[in-house]
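# after the sequence you'll find the predicted model.
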Amino acid sequence: MRRLLSALFLCASLLGIAGQAQARTSQDEQLWLNLTAMGPVSGRLVYLAEIQPRVGDGISRLDQLILRGAVGWKLSPGLTLYQGYAHVVLPVDGGRDVNEERSFQQASWIVGKPWGGELSSRTRLEQRWRSDGDDMGWRLREMLRYEKPLKPGSNAVNALIYGEGFVALNSTDWGAKGGFDQLRSFIGAELGLGGASTAEIGYLNQYINQRAGNSRVNHVASVTIFFRH
C-alpha cells in the first residue's frame, strides 16, 4: 500500500509539473486607434459612435475592428445611462472572419474631483454572441479613470490614468470562461484639440486570462480621439 501511495503521489506531482510547464504567457505589441463622436441629440438625449481598429502581431495586421454606437439619457450633469450595440470583426488568417455582436448597457458618471483632478467611472454590462458558437455570454466591465491638469487652471494637457477590469459572468461554447477575464491599465496624457474635443495618447497594458492557466499580455500604443460637440 505504501508503494502504491508513493506511486500515486509521484504521478500527481509529475502531472502538476507538466501542467505548470504547459501554462504560458504570450506577449504582443499592438496599436489601437479609437475615433469617437459624441454629443447631444435633443434635450437630455445624447449619442456616441465609435470606430476602433486594433493592429496586432507586432503591429503588422488587423487583429480586431470594433464598430460601436449607443444612445443615452443624461439623468444629471454627472450621470448618463446608455443602451448600445457593437459589431466586432475578428480576422482569421486563411479563413472566414469571426464576428461578434454585443448589446450593452452602460452607466457613466463623475465620482468627484479629488486632488485637483477628476475621478470618473464607467460600468458596462454586455451580452455577447459570436458566429463560431451558439451561447450568449454575459460580461461585466468596470473602469475607473483619473485625470489632472499638468498646469493649474488649464486643461490643455492633463495627466491621465485608468484601469478597467472585466469579469465573464458565464462560460460559453465559443470560448468565454466564467470568472476574471482581463485587466486593462493605461497611463498617458489627454490633449485639448479645441472646443471640447480631446486626444488621449499613451501606453495601455492588457492582461488577458486564458484557458488552461495560460495568459496573454498585449503592450499597446493607444491613440483615442474624442469629437465632442
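Looks like it came in fine.
# can you map out the helices along this protein?
In the chain, the segments counted as helices under DSSP state H are 2-22.
# for it, longest strand please?
strand 25-42 (DSSP state E).
# low pLDDT regions in this protein?
Counting by pLDDT under 70, the chain shows low-confidence ranges at 1-23.
# strands of that one, start to end?
25-42, 45-56, 61-76, 79-90, 98-112, 118-130, 137-151, 154-168, 179-192, 198-209, 215-228.
# so can I have a markdown table of these showing mean neighbour count?
C-beta coordinates here come from the backbone N, C-alpha and C atoms, glycine included. Listed next are these as a markdown table, based on neighbours: other Cβ atoms under 10 Å:
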| stretch | mean neighbour count |
| --- | --- |
| strand 25-42 | 14 |
| strand 45-56 | 17 |
| strand 61-76 | 15 |
| strand 79-90 | 16 |
| strand 98-112 | 16 |
| strand 118-130 | 17 |
| strand 137-151 | 16 |
| strand 154-168 | 16 |
| strand 179-192 | 17 |
| strand 198-209 | 17 |
| strand 215-228 | 16 |
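# nearest spatial neighbour of Leu183, skipping sequence neighbours?
Spatial nearest neighbour of Leu183, excluding adjacent residues (Cβ to Cβ, 6 or more residues apart in numbering): Tyr207 at 4.8 Å.
# tell me the contacts of the closest residue to His219 other than its chain neighbours?
Nearest residue to His219, sequence neighbours excluded (Cβ to Cβ, 6+ apart): Glu29, at 5.2 Å. By Cβ atoms under 8 Å, 6 or more residues apart in numbering, the residues touching Glu29 are 56, 58-59, 218-221.
# got it, and Ala156?
Ala156 sits next to 149, 191-192 when contact means Cβ under 8 Å, 6+ apart.
# do the same with Trp115
With contact set as Cβ under 8 Å, 6+ apart, Trp115 has these partners: Lys148.
# any idea how far Thr198 is from it?
As judged by Cβ to Cβ, to the nearest Å, Trp115 and Thr198 stand 20 Å apart.
# how far away is the nearest residue to Pro40 once chain neighbours are set aside from Tyr82?
Spatial nearest neighbour of Pro40, chain neighbours left out: Val46 (5.3 Å); criterion: Cβ to Cβ, 6+ apart. Noted for Val46: a distance of 8 Å to Tyr82, by Cβ to Cβ.
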